[in-house]
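# Have a look; sequence and predicted model below, questions after that.
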Amino acid sequence: MTYDLAKLAGTTALLAALAAAPAHAQGMSDMDTDQDSAVSQEEFTTGYGTGGGMSDWDQDMSGTVSEEEFTSGMSRASSATANPAWSDQDFATADTDQSGDLSLDELAAVIFLIYDADQSGDLTADEFASYEADRQMMDDAAMSGDGSDTGMTGDGMSGDDTSGDGMSDDDSSEDDES
């Protein structure tokens with residue numbers, strides 16, 4: 001892990017929203033393939049990918065997450081606490097191979113760093129519980145009080161994206177109400 005990537009994870013708290021992979025939940029025992037009661041970064045990356053987390057961000061199914069997809073995903077994941085400080089420099093720091101897209105490994109590395117509070121290289125049961133709690137919070141936010149889906153689909157998009165640009169085309173807002 002480079003210092004820049006660790007700094008990015010520490011200074012961009014909203015990246016916790018990346019953990020949200022609605023309908024693709026995996027428990028610690030599923031990810032802890034060697035059953036050592038800790039989830040390594042490799043196990044986390046594999047589990048996040050096979051659990052479907054990447055598909056929530058990769059809207060064009062290219063196998064990578066573009067900066068536009070990432071920004072759109074961040075907005076969907078936590079629109080109430082959108083982080084205006086997210087910058088091109090932060091994306092470039094996460095994009096360790098400078099390809100212009102985040103691979104599964106790059107995306108999972110940022111998420112992993114957020115939850116590896118003791119920077120041991122493994123997620124302990126408590127650290128994984130924190131990841132699961134944040135993921136559950138995002139799952140709950142995607143559901144209304146009666147348990148019905150509020151518009152988040154398997155790809156993380158609301159039905160309001162009629163233009164296919166990854167953004168809601170709904171022009172209504174609370175400010176428009178009289």
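Received it, and whenever you're ready, just let me know what you need.
# biggest helix in the chain by residues?
Longest among the helix segments of the chain by residue count, using DSSP state H, is helix 125-141.
# give me the low-pLDDT residue ranges for the chain?
The chain contains residues with pLDDT under 70 at 1-26, 74-88, 138-139, 141-178.
# show me where it has helices.
Applying DSSP H to the chain gives helices spanning 3-11, 28-31, 41-50, 67-77, 88-94, 104-115, 125-141.
# Make JSON lines out of those and add mean neighbour count and distance to residue 61.
For every residue, glycine as well, the C-beta is placed using N, CA and C. Output for the helices of the chain, formatted as JSON lines (neighbours: other C-beta atoms under 10 Å; distance: least, C-beta to C-beta, whole Å):
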{"stretch": "helix 3-11", "mean neighbour count": "15", "distance to residue 61": "26"}
{"stretch": "helix 28-31", "mean neighbour count": "16", "distance to residue 61": "23"}
{"stretch": "helix 41-50", "mean neighbour count": "19", "distance to residue 61": "14"}
{"stretch": "helix 67-77", "mean neighbour count": "20", "distance to residue 61": "10"}
{"stretch": "helix 88-94", "mean neighbour count": "16", "distance to residue 61": "20"}
{"stretch": "helix 104-115", "mean neighbour count": "21", "distance to residue 61": "13"}
{"stretch": "helix 125-141", "mean neighbour count": "16", "distance to residue 61": "21"}
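# quick one: contacts for the residue nearest to residue 131 when sequence neighbours are not counted?
Among residues not flanking residue 131 along the chain, residue 115 sits closest, at 4.5 Å (C-beta to C-beta, 6 or more residues apart in numbering). Contacts for residue 115 (C-beta atoms under 8 Å, 6 or more residues apart in numbering) come out as 19, 123, 127-128, 130-131.
# go on, residue 124?
By C-beta under 8 Å, 6+ apart, the contact list for residue 124 reads 37-38, 118.
# Tabulate these in a markdown table, adding columns for neighbour count and distance to residue 107.
Shown next, in a markdown table, are these (neighbours: other C-beta atoms under 10 Å; distance: C-beta to C-beta, whole Å):
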| residue | neighbour count | distance to residue 107 |
| --- | --- | --- |
| 37 | 12 | 25 |
| 38 | 18 | 21 |
| 118 | 10 | 22 |
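# Tabulate these (a markdown table), appending distance to residue 100.
A markdown table is the format used below for the contacts of residue 124 (distance: C-beta to C-beta, whole Å):
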| residue | distance to residue 100 |
| --- | --- |
| 37 | 38 |
| 38 | 33 |
| 118 | 33 |
